[in-house]
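Chemist: Fold the following, please.
(one chain, ligands or ions: 1)
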Amino acid sequence: MRNRRVTLINRPTDIPLPEHFSLDEVEIPALADGEFLVRNLFLSVDPAQRGWALAESNYSNPVPLGAAMRALAIGEVIASLDPEVNVGERLYGWFDWQEFCVCGRDKVLRYIDTSVVPLSGHASLLGINGMAAYLGLVQSGRPQEGDAILVSTAAGSVGSFVGQIARNLGCHPYGLTSTAEKVKVCTERYGYECAIPYSDQGWTLKLANVAQKGFNVFFDNVGGRFLDTALRQMAVGGRIVQCGTASVSSWANEPSGPRNEREILVRRLNWAGFVVFDHIAQFDHAAKVLTRWFAQGKIVYDEDICYGLEDAPSAISGLYAGSNNGKKLISLQ
Ligand SMILES: NC(=O)c1ccc[n+]([C@@H]2O[C@H](COP(=O)([O-])OP(=O)(O)OC[C@H]3O[C@@H](n4cnc5c(N)ncnc54)[C@H](OP(=O)(O)O)[C@@H]3O)[C@@H](O)[C@H]2O)c1
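Modeler: Reported below is the predicted structural model:
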């Protein structure tokens, strides 16, 4: 049996483009004891893949050149030599950008139960996006009822959940996003009190007007000039959750900007880096809460699905162009 894969063939220095990938086909190796064969159904596209493709390791080692691109995916077990993993079982894990994956249980992040949340929702609401939103906000942001919560990439997958979670916790979420259409979806669908399109001239002034008493939490997915600006609108004792750095196009040269240490000092801010994979032990708890809210109609998720492995090479750069509406997935069904 053959396996089609999207492999990393050139290392990008910033955002991965189609020329950094290639499609190939290889023989599927025989299963060893304890292994099982997964057929991928949905491949996840994540901004973090940019970091995984770079030469410098971040919180994980770089993807080796010539290997299938590291990715999370939803797949179905079609053969198993692991007595605890049954054929027909559906899993969310590290199955990479390919049609099939031979793996062991160490690659599985969650076992999927579709009785409440449909299959693809396990790669967004109950995938790392929902987990990062819930655990990042609750554990690092420590929101109190009534808090003002600022969120960047507010219309994106993580941002859409942070807005709704903040609302469900009795807080007031405010968003930053790129376009008027995304502003609309933030306020009409994701629970935001208001969202500011940063493409508008004068957005920093609008942010200052919205802040009034200052933001108690900034859930930041972009860093750069957005962080520089937001720091000056934080309330005393505010918490910053650094969940992403999407606005920094390259780490090759050290980024520079305004010096902000005085803002941190004077406002007594707490600034915490957050990586969802440090919190795997809390995934089941977060999934329970998010599933309950989903069943109660208190949280929704959106997906932006394209079809076929051929779409994968341009998918990461598409995310950085902001072209996605909801969680970017590639369906192989
Ligand atoms: N730390 C963790 O464990 C963890 C886990 C999951 C995700 N994340 C981070 O969460 C963030 C969102 O991830 P996601 O999967 O939900 O993706 P997403 O928000 O659905 O898509 C990425 C969004 O980033 C925004 N963006 C891209 N380039 C930008 C730029 N130069 N300046 C400002 N905004 C830019 C765009 O939204 P606009 O159109 O609004 O600009 C785009 O739609 C990413 O930074 C990701 O790395 C972190």
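Chemist: for the ligand, what are the nearby residues on the stretch 151-300 of the chain?
Modeler: 153, 155-159, 177-178, 182, 221-222, 243-244, 246-247, 274-276 (CB under 6 Å from any ligand atom). C-beta: built from backbone N, CA, C; applies to glycine.
Chemist: for the stretch 1-150 of the chain, what spans make up the strands?
Modeler: 2-8, 21-27, 36-44, 73-80, 90-93, 100-103, 108-111, 148-152 (DSSP state E, counting those that start in this stretch).
Chemist: Could you dump the ones you listed into CSV and include mean neighbour count, distance to Leu119 and mean pLDDT?
Modeler: Output for those, formatted as CSV (neighbours: other CB atoms under 10 Å; distance: least, CB to CB, whole Å; pLDDT from 0 to 100):
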stretch, mean neighbour count, distance to Leu119, mean pLDDT
strand 2-8, 19, 21, 98
strand 21-27, 14, 25, 98
strand 36-44, 24, 7, 98
strand 73-80, 20, 6, 98
strand 90-93, 21, 7, 98
strand 100-103, 21, 17, 98
strand 108-111, 18, 12, 97
strand 148-152, 28, 27, 98
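Chemist: Give the burial count for the residue of the stretch 201-333 of the chain found nearest the ligand, as a bare number.
Modeler: Distances between the stretch 201-333 of the chain and the ligand by CB to the nearest ligand atom are smallest at Gly244, namely 2.0 Å. Gly244 has 24 neighbouring residues, counting by other CB atoms under 10 Å.
Chemist: all helices for this protein, in order.
Modeler: When assigned using DSSP state H, the helices of the chain occupy the ranges 48-53, 128-135, 157-168, 180-188, 203-211, 224-231, 261-266, 283-295, 315-320.
Chemist: Which among those is found nearest to Arg2?
Modeler: helix 315-320 (22.7 Å; CB to CB).
Chemist: ok, back up a step: now tabulate the strands of the stretch 1-150 of the chain in TSV and tack on distance to Arg262.
Modeler: As requested, the strands of the stretch 1-150 of the chain are arranged in TSV below (distance: least, CB to CB, whole Å):
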stretch	distance to Arg262
strand 2-8	42
strand 21-27	44
strand 36-44	40
strand 73-80	45
strand 90-93	43
strand 100-103	49
strand 108-111	41
strand 148-152	20
